[in-house]
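Enquirer: could you look at this predicted model? Sequence included:
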Amino acid sequence: MTHPSRRTAALRRLPVLHARALRLRDEGRSTEQVAEELGLEPEAVGPLLAVAEAKLATLLEE
Amino acid sequence: MGRRWPLTGRAEELGFVDAALRRAGGLVVAGASGVGKTRLAREAVTAAGRRGATVRWATATECTQALPLGALAPLVGEVEGDLLHVLPRVVAALTAGGGVLLAVDDAHLLDGLSAAVVHQIVLRRAATVVVTLRTGEPAPDAVTALWKDGHLDRLELQPLSEDETEALLTSVLDGPVAGTTSIRLSRLAQGNVLFLRQLVDDALDAGRLRPLDGLWQLTPPPTSPTSTSAATAPELSVPRGTMEAGAGGRASPTAPEPVSPGHAHPAPASSGHASQVSVSAVPVSPVLADLVAARMGALPDPVREVVDLLALAQPLPAAVLRALTGPDAVEHAESRGLVHVDPDLRVRLAHPLYGETRRAAMGRLRACRLRGEIALAHGTDDVLRRAVLLLESDVEPDPDLLAEAAGEAVRLSDLPLAVRLAQAAVAAGAGFRARVVLADALSWLSRGEDSEAEMRAAADLAADDAQRAKVAFGRAANLFFTLGRPRAAEAVLDEAMTTVSDPDARAALVALRAAVLVLLGRSSEAVLAATEALRAELPDVALVLASFGLVGGLGVRGRADSIGSCAERAYAAGARTFDAAIPCYGLAFVHVVGLRLAGYLDEVDRVVQRRRPDIPGPPQLYALSLLGHAALARGRLATAIGWFREAVSGLAPSDTSGFATHCLLGLVQAHALTGDPAAARQALSTLDRTPHPATEFTAVERIVARARIAASEGALMEAVALCHEAAALAADRGEDAHEVFALQTAVCLGDPTPADRLAELAGRVDGPRAPAAAAHAAALAAADPDRLLTVSGTWERLGDGVSAADTAAQAAALYRTLDRRGSAARAAAVADRLASACEGLRTPALSEAARPLPLTRREREIATLAAGGLSNREIADRLVVSVRTIEGHLYRAGAKLGTTTRSELAAVLGIE
């Protein structure tokens, strides 16, 4: 289980849109809401989150 | 430039693309121009080709767009027949042979027929397809259907983060890059690899990006233009929150940091250096200008006016922009993606390079006129912005406005700007206030003599006790910190106490005295003076300095639990008053010292992270120093060395803030802990050559640092003796927390004798360090490896990685002497894991755990010194024993180890 402060610190190091997408997802927003908030096409949200998760995992492993 | 730019920071994206291609479906890679879509697709396609795929690559352009099958024609040759028959033939030709990977670059520019072909191939799964396209650009329906209808995933490629940019720069430049340089380039390029590449190439060509002190750094231009508005090669400034009014118009983040870290009266490095770091040193080359212009596209005059206004001052309220350019122009600029509109309807440029390139192309007269228009249209809510704009226009100067803005610039830590504004205010006829602001800013910029002259001029204008006290305060601070004359400073304070009778004004002078006393190592007197001063209603700057005395004094005396509220109150004062902001850096330093000595390392991180000024300049270097100390406290040694080196490089040689010496002290310890005594001694030598009145505050730690060097050289007993010398000094001064730190270091070096004293101190020193150190010493004294391992866990939880590793290593050695081999191996593994996290940690305890030898401590010490190259005479002199004694120890060590020469001894001891 990752400590919340570590996760928060790692989120700060991500590209901005990746961090925002993960935060919105963590807040329980739907794909459409995330897309609207970030100005993305809804179809782009899933891949964006997948890459964001992968980058976050890399940072947490460091 | 032939420099190779690797694909860095894209590992996860590449993994995603690769997985999509392996599924034999495909992918759409979208992103802004220059973000690296094509490069990413190329890498993935090349990898697929190596796996056996038949790669076919097509590129769509505006030229091919006009021709049916324009983009695909080079791949399929001439195809005859009507549309009904052509399409399947082209599909067949493109996918012939099977196992095809079709890549289409810039697919938004595909002609209709080519788009239909790609669509068909995807629908029929006749080949794997990867297409790139530019986000926001219209694309043929057949292309958008690829992801809209769920046939392919759409990956939106993001600009590189600051971390990723730093990794890329480090790779390209083949060496570490200064953090400030990396951040500046990252923010200018906004993660756009194309821009980044051009920025780096231009800076290299201009000789502005070069290695200094082992770090790639942007360096100042040969001459320092004061304005960029009409220069042919303007300097690029880093985008910030509230405005970018040319090079001179540097301002703050939108919501200025409540307080920036600081020194009691930190006199930042020279103004020359400040200009080096405050305004970046990258020229706008024609190539870069062309790249950015191409990205912006052709600008109709009204839209250009919008961009030009924002290039001079941003953000601007939409209403102001509309009033200046008309309603349609702003909307047009937004629809073209040239500007962003915040939720509160403030408008800013979509990319910092837009402003830079427009300023490069702007004539001086036009820039002056536009600045004047903005200032007059903008209203009165932003004093600093209006003052800077008016200063660079031909409007009549307003001395009161300039003086007020100078104070605001100081509060935002932009000292060169503060000097400019204050000088303009004085020239325009402003009085006492402007002169004091000017004197303070000059002092903080290390221009102590100039500051003294301004202070004397201000003294002639002082009309009452409050103003007389203010001048005395500023003079004493300048004399102590910037000019390094503590006696003269105390004399000024003494004299002022005879002429100033107002109680609150006198309290402010006592506050400064408290700060001076704590830095002179007189913590007891400092606490008394600070306590007295804080009973009065103090102006904010005096409140910060009194708090400095109290926090610094209580911290080293072991009362860390009592400093938090005092520090927070002072930080709040620093946030609201301009001249209290800079001293907050120094407060943060003593605050960090107190928290670190207590063992509150999470609190250390919190204090440090809150003080990261956005504006480059000396305060940012102070922040680097704080980061270094936070990293050192946790045992992140390489990280600490990096921060310290960068800060020292920026601050030296004219630093008068004391932060350079703090950094050097940190470097000594960090180098010694990584087993590099030569580097540690070099840093110590530099430290000894740069005396500062504030270094007495860290006198105890300086001795401990020497102990660390001795330990890294193998002179263990000498190191322990130095720790006891440091502890004795701390005890003499009543600095309990420092005493704990010194004795803890001795325990880490294998000396159990401080057990009783640490137990006594643990009963009265705040924080978890003292009880942990006492438990450590007790376990070592009892030769109890189980307890040592428990203490190692305690250190690890506290975040003190070095102590945790040392304690585990000591446990491993003890287990081994008890012949508990399994436990020894486990403890050694723990020590190894902890040491790895410390980025190169090498200590005597770890060496002993790694290479158990049948030697006494004294034999090991002497053998290590001999293996390190010292002669018997040199060892004897160093350890203050006879040469015969040394020979005896070496003879016994050689007999036990089966060695006959020093080189054999070195090999057995693992000394390179």
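Expert: Yes, it's here.
Enquirer: for the rest of this, base every contact and every neighbour count on C-alpha atoms.
Expert: OK.
Enquirer: what's the pLDDT at B:Gly246?
Expert: For B:Gly246, the model assigns a pLDDT of 30.
Enquirer: residues from chain B in reach of chain A?
Expert: B:12-13, B:16, B:147-148, B:150, B:153-156, B:158-163 (C-alpha under 8 Å from any C-alpha of the partner chain).
Enquirer: pull out the buried members of the residues you listed.
Expert: B:12-13, B:16, B:147-148, B:153-156, B:158-163 (16 or more other C-alpha atoms under 10 Å in any protein chain shown).
Enquirer: can you give me the helices in the stretch 501-650 of chain B?
Expert: Remark: helices assigned in the stretch 501-650 of chain B by DSSP state H, counting those that start in this stretch are B:503-519, B:523-534, B:540-556, B:564-576, B:578-581, B:583-598, B:601-609, B:618-634, B:637-651.
Enquirer: next: chain A.
Expert: Taking DSSP state H as the test, the helices found in chain A are A:4-12, A:16-26, A:31-38, A:42-61.
Enquirer: how about chain B: which residue is closest to chain A?
Expert: B:Ser161 (4.4 Å; C-alpha to the nearest C-alpha).
Enquirer: got the contact list for the nearest residue to that residue once chain neighbours are set aside?
Expert: Of all residues not flanking B:Ser161 in the chain, A:Pro15 sits nearest, at 4.4 Å (C-alpha to C-alpha, 6 or more residues apart in numbering or on different chains). Contacts for A:Pro15 were tallied using C-alpha atoms under 8 Å, 6 or more residues apart in numbering or on different chains; they are B:158-162.
Enquirer: for the most centrally placed residue in chain A, what are its contacts?
Expert: Nearest to the geometric centre of chain A sits A:Leu22, at 2.3 Å (C-alpha atoms, centre = their mean). Contact analysis of A:Leu22 by C-alpha under 8 Å, 6+ apart lists A:49, A:52-53.
Enquirer: can you tell me which of those residues is nearest B:Ala746?
Expert: Nearest to B:Ala746, judged by C-alpha to C-alpha, of the contacts of A:Leu22 is A:Glu53 at 44.8 Å.
Enquirer: number of nearby residues for B:Thr499?
Expert: Per other C-alpha atoms under 10 Å in any protein chain shown, the neighbour tally for B:Thr499 reads 12.
Enquirer: relative to B:Leu509, how far out is it?
Expert: According to C-alpha to C-alpha, to the nearest Å, B:Thr499 stands 12 Å off from B:Leu509.
Enquirer: Provide the secondary structure category for B:Leu155.
Expert: When classified by DSSP: H, G, I helix; E, B strand; the rest coil, B:Leu155 comes out as strand.
Enquirer: do the one 5 residues further on as well
Expert: B:Leu160 falls in the coil class when you classify it by three-state DSSP.
Enquirer: what's the pLDDT at it?
Expert: Looking at B:Leu160, its pLDDT reads 90.
Enquirer: that one and B:Leu194 touch, don't they?
Expert: No: taking C-alpha atoms under 8 Å as the definition, B:Leu160 is not a contact partner of B:Leu194, at 11.2 Å.
Enquirer: up against chain B, what does chain A have?
Expert: A:13-18, A:43-44, A:47-48, A:51, A:54-55.
Enquirer: most proximal residue of chain A with respect to chain B?
Expert: A:Pro15 (4.4 Å).
Enquirer: one step back: would you turn the helices of chain A into a markdown table with mean pLDDT?
Expert: Formatted as a markdown table, these follow (pLDDT from 0 to 100):
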| stretch | mean pLDDT |
| --- | --- |
| helix A:4-12 | 77 |
| helix A:16-26 | 92 |
| helix A:31-38 | 92 |
| helix A:42-61 | 92 |
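Enquirer: in a markdown table, list those along with distance to B:Pro854.
Expert: Formatted as a markdown table, those follow (distance: least, C-alpha to C-alpha, whole Å):
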| stretch | distance to B:Pro854 |
| --- | --- |
| helix A:4-12 | 43 |
| helix A:16-26 | 55 |
| helix A:31-38 | 65 |
| helix A:42-61 | 39 |
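Enquirer: starting at the chain centroid, how far to the helix or strand hosting B:Arg187?
Expert: Under the criterion of DSSP states H and E, B:Arg187 resides in helix B:179-189. On the basis of C-alpha atoms, centre = their mean, to the nearest Å, helix B:179-189 sits 11 Å off its chain's mean C-alpha point.
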